[in-house]
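Undergrad: Sequence first, then the predicted structure, then my questions.
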Amino acid sequence: MSDVQTQPEPRSVLVTGGNRGIGLAIARAFAAQGDKVAVTVRTMCDMPDGILAVQADVTDSASLDAAFAEVEKAHGPVTVVVANAGITKDQLLMRMSEDEFTSVIDTNLTGAYRTVKRAITGMVRKKTGRVILISSVSGLYGAPGQFNYSASKAGLVGMARSLTRELGSRGITANVVAPGFIRTEMTDALGEDKKREYLANVPAKRFAEADEVARVVTWIAGPDAAYISGAVIPVDGGLGMGH
């Protein structure tokens, strides 16, 4: 017997920025439990079987509308949305250009606004929905050189809590998952000294796997978490300690 807990019925799930890393791990996890999964990508690419790729840029409302329409035609109204798309343009504040600040905010925070606003239309009609916003330990703990990124990821907490108060009575939950250091191609490429420097601050003394984040996301979107909303769930090995 499979250890995967399946949903009563397959749901239409959309993950933004789902072509690699954490986003792809999340998409795979939902597909593994039987959901109908789509991901947004900026450039079309091959995806694993069972995952539909739709082209969209979260900074462009028209492209998001077209992507949602494509997903709805293929899978039905989206009832689980994971706002994962994000960028970094790290720089110390004294050297940070206005474009480096605004472009990160537009993708990570305003992009989440565009995505969630479009998604909740169908959720309100169906009186059910799960909104998961992928933040970061940097948004709660703060990080030097990430004034823009930390601000964008902190803003997602306010979004989830406002949405919870607006739509909690409609069967819609909104939660934040805040990963810490995740093992990716980027962290694998770090020198040993830099890895030790990062890990010195993590009580768990290791990087997380993307699948560990994905399992938290699928759980918070599932039936066992139906009474959890407005929460921030860290997946950071103790780095943030509740910040």
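TA: Everything's here; your move.

Undergrad: Would you confirm that Ala231 contacts Asn175?
TA: Yes. Counting by C-beta atoms under 8 Å, Ala231 touches Asn175, with 4.9 Å between them. Glycine gets a C-beta too; all of them are placed from N, C-alpha and C.

Undergrad: which residues are common contacts for those two?
TA: Shared contacts of Ala231 and Asn175 (C-beta atoms under 8 Å, 6 or more residues apart in numbering): 160, 220.

Undergrad: higher neighbour count, those two?
TA: When neighbours are counted by other C-beta atoms under 10 Å, Ala231 and Asn175 differ, and Asn175 comes out ahead with 24 against 16.

Undergrad: wait, isn't that one in contact with Pro234?
TA: No. Asn175 is beyond contact range of Pro234, at 11.9 Å (criterion: C-beta under 8 Å).

Undergrad: following the longest helix along the chain, which helix or strand comes up?
TA: Across the chain, the longest stretch assigned as helix under DSSP state H is helix 147-167. The element immediately downstream of helix 147-167 (helix or strand, assigned by DSSP states H and E) is strand 172-179.

Undergrad: Helices of the chain, start to end?
TA: Secondary structure of the chain (DSSP H): helices at 21-32, 61-75, 98-105, 111-126, 137-141, 147-167, 185-188, 192-199, 210-220.

Undergrad: shaky segments in the chain?
TA: Where the chain drops to pLDDT under 70, the residues are 1-8, 186, 189-190, 242-243.

Undergrad: repeat that with 50
TA: 1-7 (pLDDT under 50).

Undergrad: ok, the residue lying closest to Met47 once chain neighbours are set aside - contacts?
TA: Residue nearest to Met47 in three dimensions, not counting chain neighbours: Ala53, with 4.6 Å by C-beta to C-beta, 6 or more residues apart in numbering. Shown in contact with Ala53 (C-beta under 8 Å, 6+ apart): 18-19, 38-41, 44-45, 47.
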